[in-house]
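> Quick check, what structure comes out for this input:
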Amino acid sequence: MVSQEVAKKPMSIELPYKEGDWFAVPLRDGGFAVGLVARARRQGKILFGYFFGPRRASPPSLDELAGLSPKDALRALCFGDLGMIEQKWPIIGQLPCWSREEWPMQDFVRRDEISGRAWRVRYSDVDPSEVIAEEAISSENAELENDGLFGYGAVELLLTHLLSK
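Numbers count the residues shown, from 1 in each chain. The predicted model follows:
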């Protein structure tokens, strides 16, 4: 019989990734893009990361990713971790000398297409699912990534499209 004290403790799951990990994203028409986990909730599920081309025939080695930085990314997105949990997105390994400061959480823009209004959206630096601030901005000056949460399939489709151009 399980004691009540043991039964009340939340189960701790071992996530297959951590901040600073590189991973491969299979493209729908063959090949791979790569991503870097820049922010992860302790419980997993919602991450923020940077995604890179070019299309590769197979997942690259860590050495092949040396020198990439946020400015080289195709996109920076909040996304779900199911691709890694289900082992569909292979983990390549940890970025040597991982530094959160060098891979910042970015702001996003939320637009209302009907009114033409726009808001800068800022998420928590420790929880990419938590909005901590929103401020109205000029829609014409909103050159940020669109706000949203991408499932792993949507990330695959987006990167396939971006790397097919």
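> all contacts plus neighbour counts: C-alpha atoms, from now on.
Fine.
> what's the longest helix in the chain?
If you go by DSSP state H, the chain has its longest helix at helix 152-162.
> pretty sure V109 contacts N146?
Yes: with contact defined as CA atoms under 8 Å, V109 reaches N146; the gap is 4.9 Å.
> Give me the more crowded residue out of those two.
Taking other CA atoms under 10 Å, V109 and N146 do not tie; V109 has more neighbours (21 against 16).
> After the helix or strand encompassing that one, which helix or strand is next? Please name it.
Here V109, judged by DSSP states H and E, is contained in strand 108-111. Downstream of strand 108-111, the next assigned helix or strand under DSSP H and E is strand 118-123.
> Okay, and the beta partners of the residue nearest the centre of the chain?
When CA atoms, centre = their mean is applied to the chain, the residue found nearest the centroid is G49 (2.8 Å). Counting by DSSP bridges, G49 is bridged to V37, L77.
> gap between it and F150?
Computed as CA to CA, to the nearest Å, the G49 to F150 distance reads 11 Å.
> what sits in contact with each of those two?
Common neighbours of G49 and F150 are listed as L77, C78, F79 (criterion: CA atoms under 8 Å, 6 or more residues apart in numbering).
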